[in-house]
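[1] Sharing a sequence plus its predicted fold:
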Amino acid sequence: MRTFRWSLAAAGLLASTACTPAAPATDAASSAPALPPDVDAAYQEFWATWQAAMASPDYDVERLGARVGDPLLETLQTNLRKTREQHVVTRGQATHQIRQVEADGGAWWVTDCVGIGGWQLYDAGSASPIAGQADGPRSQLTMLVLRRQDGAWKATNMYDSGVC
């Protein structure tokens, strides 16, 4: 069993913030079964919502609640507020290569190789790239957990386990 860390998809990097209990083991070599359509839609909508939030200097952080549930909601809202205070936004898009999906006790665990090389941090005022970002292809193996909250599938936990 692997131990995963909380992570924030804050553009060109997914920054670990704290240790959490071990997540179910993953096997990258196994073929990923398809997600049910409603769970797949929630997964895609989570990423679209998060990328839109990071790209807009005036995105209403409360809107994240439509696609994100606690405890991840509080973490991402805090992260978004901090990037706003630092006048940072993102440009570009993350790419996704789902490696594994697993249903477990009413939750779906999606292991995804998230390409973050084209999702970069920029100064919101000058539109200049933030210095110190690596160029070129970069990826982060991320596990996103979706659970039903308030009648909808929402991302509730995010873990990273390194580069994929």
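    Structure received.

[2] ok, C113 to A152 distance?
    If you measure C113 against A152 using C-beta to C-beta, to the nearest Å, the figure is 26 Å. Quick note: C-beta positions are derived from backbone N, CA and C, even for glycine.

[3] swap in R67?
    R67 is 8 Å from A152, by C-beta to C-beta.

[4] any residues in contact with both of those two?
    Common contact partners of R67 and A152 (C-beta atoms under 8 Å, 6 or more residues apart in numbering): A42.

[5] mind listing the strands for the protein?
    Ranges of strands in the chain, per DSSP state E, are 5-9, 14-19, 88-92, 95-104, 107-115, 119-123, 139-149, 152-160.

[6] could those go into a markdown table alongside mean pLDDT, distance to T49 and mean neighbour count?
    Below are those laid out as a markdown table (pLDDT from 0 to 100; distance: least, C-beta to C-beta, whole Å; neighbours: other C-beta atoms under 10 Å):
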| stretch | mean pLDDT | distance to T49 | mean neighbour count |
| --- | --- | --- | --- |
| strand 5-9 | 32 | 11 | 22 |
| strand 14-19 | 31 | 16 | 14 |
| strand 88-92 | 94 | 13 | 20 |
| strand 95-104 | 95 | 14 | 16 |
| strand 107-115 | 96 | 15 | 20 |
| strand 119-123 | 92 | 14 | 19 |
| strand 139-149 | 96 | 13 | 20 |
| strand 152-160 | 97 | 9 | 22 |
